[in-house]
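> Turn this into a model:
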Amino acid sequence: MGVLLICAIIAGTQMTWGLVIPVLPVYADGLGAGPAVLGGVVAAFGLGRLLVDFPAGMIAQRLDQRRLLVASVAAIACFTLLTAAVTSIGQLVAVRLLTGLAGGVAMTSGQALLMHTEPARLGRTMGALQAYQLAGGALGPVIGGVLVGVDARLPFVAGGIILVTLTLLGVLRPIPRWQPVSHRARPAGEPGPRLWTAGLVSISFVGFSIFLVRFGGQQFLFPVLAYDRAGLSPAQLGTALAVTTLLSLGLVRLAGSVTDRWGRRPVVVVSTATLGLVTLGFLGAGSVSVFLTALVLTGVATAFTGPPTGAYLADAVAPQKRGMAVGVYRTFGDLATLVGPLFFGWLVAAGAERAAVVILSGTTLTASALFTVLSRRHTAHVGSATAPATPPAGAVAEPAISWAGSRPTLTTAPEVRAAPAGPPPVLSPSSPQGATR
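Below is the predicted model:
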């Protein structure tokens, strides 16, 4: 599956989740739900993702990742359409939980599939993914806000139709059949590739801190500071967020190129440490200019964290463990999406906004420091960027996504490993680009 199509499918799911931000309060109110119940509706989605992230990674190790992505997006489309038909708050909670479960599978399988990009271009691939996610996340609330004025159910219908369209694209495109490649039998007592490497543990802590900034900070704490300290109006905050999002979109491609040129580890260290430092600027949120400067700088730093963390995650484990690695990483991240708003909400209610800012910054700086120390002990599992496109005799090629000029496609280069004992590999006739079976 082409990189851009995978990114578009993931962006479509991201757009659907953003679409409900302005819609759920109106929709839940129409079903007789108060603020406390609305919090449960929102939490149900995050809980579903958290519960399924690691199992989805295990499934992605064993099943066709392309089919898993398409099937999970089709499930999200069905649950989104079903949301428009609920008649009670209990049904709404149940459907949102199911949507979260399907969403966790989609995000995990999609990211795992993109990790088969050739190592030399992996940073740019992760940059493309982040750009599409940012665009989808920005477009969703706009669509939801416009359509909810017509009918509270209409945004869910529109989101479902968009996802059905993306599902059909995923089915109808001439995509190589993704086949798991058998691994050689190991002698008794010989250890297999490890999942819990120092690289995976350290980058998962970084992921937790980044998700904490995005969901605990940008979606909760920063808006509270904008209204209570800086005195901004909703329109002013919305404009500032839109400008920050556009700036981030313009920078993610540069972040991907920097990652590929300078290496994953140094860019992870610098971008995460910078993110922790600039969030301290919100301590001066009483000044409009200081608040807006901190908001923009946080957006810029966040844009530079996405490509290197995604690329380093691919290097953190052996290729056959990447699906589970994505599941671990997203479990850490989705834990932050649940804990962050609740914890910071408790601090804000206690009048400790400044303490919340310090804790947010300290968590990110600590994650950067831990990564700096732990990643020194890690040897990256990276194929050679100059490995031959055609495997040598007696070897089996791992499916990989390569770039022909500016057009990314799925091929069987460049990761090569020893072939298992037995008959030689057979090319699948349904795999026009040479995926092996």
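> Which of the helices or strands spans Gly103?
helix 89-114 (DSSP states H and E).
> Report all helices and strands that that helix contacts.
On a contact count with 3 or more CB pairs under 8 Å, 6 or more residues apart in numbering; DSSP states H and E, helix 89-114 meets helix 3-19, helix 24-30, helix 35-62, helix 65-83, helix 122-147, helix 322-349. Heads up, the C-betas are built off the backbone N, CA and C, glycines and all.
> Go ahead and measure how far stretch 68-86 is from the middle of the chain.
19 Å (CA atoms, centre = their mean, to the nearest Å).
> buried sites along it?
Residues of stretch 68-86 classed as buried: 68-84, 86 (neighbour count, 16 or more other CB atoms under 10 Å).
> Just the mean pLDDT for that stretch, thanks.
Stretch 68-86 shows a mean pLDDT of 93.
> Over to stretch 200-211?
93.
> Nearest the middle, which residue of the chain would you pick?
Closest to where the C-alpha atoms of the chain average out (CA atoms, centre = their mean) is Met107, at 6.1 Å.
> so that one sits right up against Thr13, yeah?
Yes - using CB atoms under 8 Å, Met107 makes contact with Thr13 at a distance of 7.1 Å.
> Now list whatever residues contact both of those two.
By CB atoms under 8 Å, 6 or more residues apart in numbering, Met107 and Thr13 have no common neighbours.
> mind listing the helices for the stretch 151-300 of the chain?
For the stretch 151-300 of the chain, the helices defined by DSSP state H, counting those that start in this stretch cover 154-172, 198-211, 222-225, 234-262, 264-278, 288-315.
> Format the ones you listed as CSV; extra columns: mean neighbour count and distance to Ala28.
What follows is the helices of the stretch 151-300 of the chain, written out as CSV (neighbours: other CB atoms under 10 Å; distance: least, CB to CB, whole Å):
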stretch, mean neighbour count, distance to Ala28
helix 154-172, 19, 13
helix 198-211, 24, 25
helix 222-225, 20, 20
helix 234-262, 17, 20
helix 264-278, 22, 33
helix 288-315, 23, 29
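> For those helices, please prepare JSON lines with the additional fields distance to Tyr27.
Listed next are these as JSON lines, based on distance: least, CB to CB, whole Å:
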{"stretch": "helix 154-172", "distance to Tyr27": "8"}
{"stretch": "helix 198-211", "distance to Tyr27": "26"}
{"stretch": "helix 222-225", "distance to Tyr27": "21"}
{"stretch": "helix 234-262", "distance to Tyr27": "20"}
{"stretch": "helix 264-278", "distance to Tyr27": "34"}
{"stretch": "helix 288-315", "distance to Tyr27": "29"}
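> do you know how far the nearest residue to Thr363 once chain neighbours are set aside is from Val224?
Leaving aside its sequence neighbours, Thr363 sits nearest to Ser209 (CB to CB, 6 or more residues apart in numbering; 5.2 Å). For Ser209, the distance to Val224 equals 20 Å [CB to CB, to the nearest Å].
> What of Leu347?
10 Å.
> which residues touch the nearest residue to Gly137 once chain neighbours are set aside?
Spatial nearest neighbour of Gly137, chain neighbours left out: Gly18 (4.6 Å); criterion: CB to CB, 6+ apart. With contact set as CB under 8 Å, 6+ apart, Gly18 has these partners: 136-141, 144.
> Name the nearest of those residues relative to Arg49.
Gly137 (14.8 Å; CB to CB).
> Pretty sure the closest one sits against Met15.
Yes - with contact defined as CB under 8 Å, Gly137 counts as touching Met15 (7.0 Å).
> higher neighbour count, the two?
Met15 (25 against 18; other CB atoms under 10 Å).
> Return the per-residue confidence for the more buried one.
For Met15, the pLDDT comes out at 86.
> contacting residues around it?
136-137, 139-140, 143, 159, 162.
> How about Val317?
Taking CB under 8 Å, 6+ apart, one finds 193-195, 197, 199-200, 324-325, 381 in contact with Val317.
> count of neighbours near the nearest residue to it once chain neighbours are set aside?
Among residues not flanking Val317 along the chain, Ala325 sits closest, at 4.5 Å (CB to CB, 6+ apart). Ala325: 30 surrounding residues under other CB under 10 Å.
> My guess is Ala325 contacts Gly57. True?
Yes - with contacts counted by CB under 8 Å, Ala325 reaches Gly57, the gap being 6.9 Å.
> where does the stretch 151-300 of the chain dip in pLDDT?
174-192 (pLDDT under 70).
> So what touches stretch 41-55?
Outside stretch 41-55, the residues that touch it by CB under 8 Å, 6+ apart are 17, 24, 28, 33, 89, 92-94, 96-105, 107-108, 324, 327-328, 330-331, 334-335, 337-338.
> Which of the residues you listed are buried? Put it as a ChimeraX command.
Command for ChimeraX that selects the buried part of the contacts of stretch 41-55, burial taken from 16+ other CB under 10 Å:
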select :17,24,28,33,89,92,93,96,97,98,99,100,101,102,103,104,105,107,108,324,327,328,330,331,334,335,337,338
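> Quick check: the gap between Phe222 and Ile143.
Taking CB to CB, one finds Phe222 at 23 Å from Ile143.
> And for Ile89?
Taken as CB to CB, the span from Ile89 to Ile143 is 24 Å.
> Likewise for Ala84?
Where Ile143 is concerned, Ala84 sits at a distance of 14 Å (CB to CB).
> Quick check: neighbours shared by Leu347 and Val224?
Glu353.
> Which phi and psi values does Gly351 adopt?
phi 80, psi 20 (degrees, to the nearest 10).
> neighbours around it, how many?
As a measure of burial, Gly351 has 8 neighbours, counting by other CB under 10 Å.
> Enumerate every residue touching it.
Going by CB under 8 Å, 6+ apart, Gly351 touches no other residue.
> And the one 3 residues further on, by the same measure?
Arg354 makes contact with Leu283, according to CB under 8 Å, 6+ apart.
> same thing with Arg330?
With contact set as CB under 8 Å, 6+ apart, Arg330 has these partners: 49, 53, 57, 104, 107-108, 111, 207.
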